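Trainee: turn this into a model:
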Amino acid sequence: MPRKLLEGLLVGIDHVGICVGKMDESCALWSELLGVPACDRECVAPQKTEAAFVDPPDGDATVELVSPMEGNAGLFKFLEKRGDGLHHLAFAVTDIREALARLKEAGVPVIDQEPRKGARGHLVAFLHPKAMNGTLVELVERHH
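Mentor: Residues are numbered from 1 along each chain as shown. The predicted structure is shown next:
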């Protein structure tokens, strides 16, 4: 029987993160495709990123466009190697600290030992891509 590491904590998909090199062009492209404006564009200084969100009108999962700011070697390397594209999948959880504790106890490799402040004032933490066979997963506890 599979382990249910996030049972009782999982809300659903929060967003899909797309790494982009040119934020203005990407905002226009995604806004046109989905028919909604990119909004909540912000600099997330602790993560050295610029983020913009394309929110569907029904409130379901968002597309987050993320672009590196000076000093974010990881995202610059991502763009150099792959170009614009899918960067991560983010799941909303009700208690990010409990989620991290369960994952660490189960031996799941994590990047963030403790949650950190992310875009929109949310708390976030990333699992190491090794945890999900190469897919970068973000956990999000939404700020209310």
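
Trainee: which helices and strands sit right next to the worst-scoring helix or strand of the chain on mean pLDDT?
Mentor: Lowest mean confidence among the helices and strands of the chain (mean pLDDT, DSSP states H and E): strand 38-44, at a mean of 86. Under the contact definition 3 or more CB pairs under 8 Å, 6 or more residues apart in numbering; DSSP states H and E, strand 38-44 sits against helix 23-34, strand 49-54. Glycine gets a C-beta too; all of them are placed from N, C-alpha and C.

Trainee: of the ones you listed, flag the one that's most buried.
Mentor: Sort those by mean neighbour count, taking mean count of other CB atoms under 10 Å, and strand 49-54 sits at the top with a mean of 22.

Trainee: who are the packing partners of whichever helix or strand comes after it?
Mentor: Next helix or strand after strand 49-54 toward the C-terminus (DSSP states H and E): strand 62-68. Using 3+ CB pairs under 8 Å, 6+ apart as the contact definition, the elements that strand 62-68 packs against are strand 10-19, helix 23-34, strand 49-54, helix 73-82.

Trainee: tell me the confidence at Val54?
Mentor: Reported pLDDT at Val54 in the predicted model: 92.

Trainee: count the residues that sit near Val110.
Mentor: Burial measure for Val110: 17 neighbouring residues, criterion other CB atoms under 10 Å.
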